[in-house]
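Asks: Let's see this in three dimensions:
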Amino acid sequence: MPNTSKQLTTSRPAQQTTLMILKQCSGNAAFNEISKLEQSLTVKDSIKYGELIVSQGSKVEVIREIIKIVEFYLEVTGKKLEVYQTRTLAGDLYDKFKTDTVEDLILMFKMIRTGDLGKPPYTDNFHEKIMSYVPLFLDFKSRERERLIELKKRKIKAQERPPEPQTMSEEAYQKFTELQSRLSNPVNKNKQIFSIKSVLASVDNYIENLPETCKKLSAKDLNYEIIRTQYNNKTAYNILLEEQQRRKDEKKKNKRC
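Replies: Numbers count the residues shown, from 1 in each chain. As a prediction, this is how the structure comes out:
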């Protein structure tokens, strides 16, 4: 069975591992901790943040904590095993999960209890019954891991894809058509002759006045202008971005007040 925990594992702020928490308590105190852990634990957390069992101490030390997880399951379900049977089961589970996580064991026993792993072939032997759930759980975890990898690929691809052209808002369209009308039907009868110099002068004038004029744009039109100028006018693009950030800062400031 392929390891389902090495990939997608990411670091997070240093904190106690599940194994460290279990080492600090025993009996009902350990049961309370396991109960709290399984309420919020997900297979996604195990894949992203869980530490491999084999890296968390000697086999004997880890098996002691796995025994607590097995005993919690027995306590909740009202089942009983001899001490040697519990130790044997914990040892076999260590061998199966040593390249997975302690969190996986807690999740597996919870899913066995709730029926979320389905039903393996029937057997009267409790040890065999628990071990028959192991491949079912690892297959479930493997599918979830593949799903997370696919989601990550889609996210990266979406970030690399250039933004799709956005439709012009009704307000912007009205301004555009008004400008077209003025250019095609000047008030003066004399036709205005556009030269390269006049075009450049017009652009310079646009840039010069942009810090003030962009303040009058709606949020939607501001976003449209940012996208429009991103690749053809870096100066205007940066001015528009500054205006967008100014609005965000002002909004945060108003919330605090």
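Asks: close enough to count as contact, residue 77 and residue 110?
Replies: No: judged on Cβ atoms under 8 Å, residue 77 makes no contact with residue 110 at a distance of 11.2 Å. Glycine gets a C-beta too; all of them are placed from N, C-alpha and C.
Asks: the more surrounded of the two?
Replies: Taking neighbours as other Cβ atoms under 10 Å, residue 77 and residue 110 compare with residue 110 leading, 20 against 11.
Asks: In space, what's closest to that one - neighbours in sequence excluded?
Replies: Leaving aside its chain neighbours, residue 110 sits nearest to residue 38 (4.8 Å; criterion: Cβ to Cβ, 6 or more residues apart in numbering).
Asks: same check, this time on residue 121
Replies: residue 132 (6.6 Å).
Asks: In contact with the residue nearest to residue 110, which residues?
Replies: When contacts are counted by Cβ atoms under 8 Å, 6 or more residues apart in numbering, residue 38 touches 106, 107, 110.
Asks: Report all helices and strands that whichever helix or strand residue 146 is part of contacts.
Replies: In the assignment (DSSP states H and E), residue 146 maps to helix 126-160. Counting contacts by 3 or more Cβ pairs under 8 Å, 6 or more residues apart in numbering; DSSP states H and E, helix 126-160 packs against helix 43-49, helix 83-97, helix 102-114.
Asks: of all those, which lies closest to residue 31?
Replies: With distances scored as Cβ to Cβ, the stretch of those nearest to residue 31 is helix 102-114 (11.7 Å).
Asks: Show me which parts of the closest one are buried, residue by residue.
Replies: Under the neighbour-count criterion of 16 or more other Cβ atoms under 10 Å, helix 102-114 has 102, 103, 104, 105, 106, 107, 108, 109, 110, 111, 112 buried.
Asks: export that helix as CSV, just CAs?
Replies: This file holds the C-alpha atoms of helix 102-114, laid out as CSV (Å, rounded to 0.1, in the frame of the first residue of the first chain):
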residue,chain,number,x,y,z
VAL,A,102,-1.5,8.5,14.7
GLU,A,103,-4.4,10.7,13.6
ASP,A,104,-5.2,8.1,10.9
LEU,A,105,-5.7,5.5,13.6
ILE,A,106,-8.0,7.7,15.5
LEU,A,107,-10.0,8.4,12.4
MET,A,108,-10.1,4.8,11.3
PHE,A,109,-11.6,3.7,14.7
LYS,A,110,-14.1,6.5,14.5
MET,A,111,-15.2,5.5,11.0
ILE,A,112,-15.5,1.9,12.0
ARG,A,113,-17.7,2.9,14.9
THR,A,114,-19.9,5.2,12.7
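Asks: avg pLDDT for that helix?
Replies: The average pLDDT within helix 102-114 is 94.
Asks: helices and strands around it, which ones?
Replies: On a contact count with 3+ Cβ pairs under 8 Å, 6+ apart, helix 102-114 meets helix 18-23, helix 27-40, helix 43-49, helix 59-77, helix 83-97, helix 126-160.
Asks: I'd like the mean pLDDT over the second one, please.
Replies: The predicted model gives helix 27-40 an average pLDDT of 92.
Asks: Hey, what's the angle from it to helix 102-114? Just curious.
Replies: 90 degrees (axes from the mean of the first three to the mean of the last three Cα atoms, to 10 degrees).
Asks: Turn the helices and strands packed on helix 126-160 into a markdown table, columns for distance to residue 207.
Replies: Formatted as a markdown table, the helices and strands packed on helix 126-160 follow (distance: least, Cβ to Cβ, whole Å):
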| stretch | distance to residue 207 |
| --- | --- |
| helix 43-49 | 46 |
| helix 83-97 | 63 |
| helix 102-114 | 56 |
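Asks: low-confidence ranges in this protein?
Replies: Along the chain, the parts satisfying pLDDT under 70 run over 1-15, 162-203, 257.
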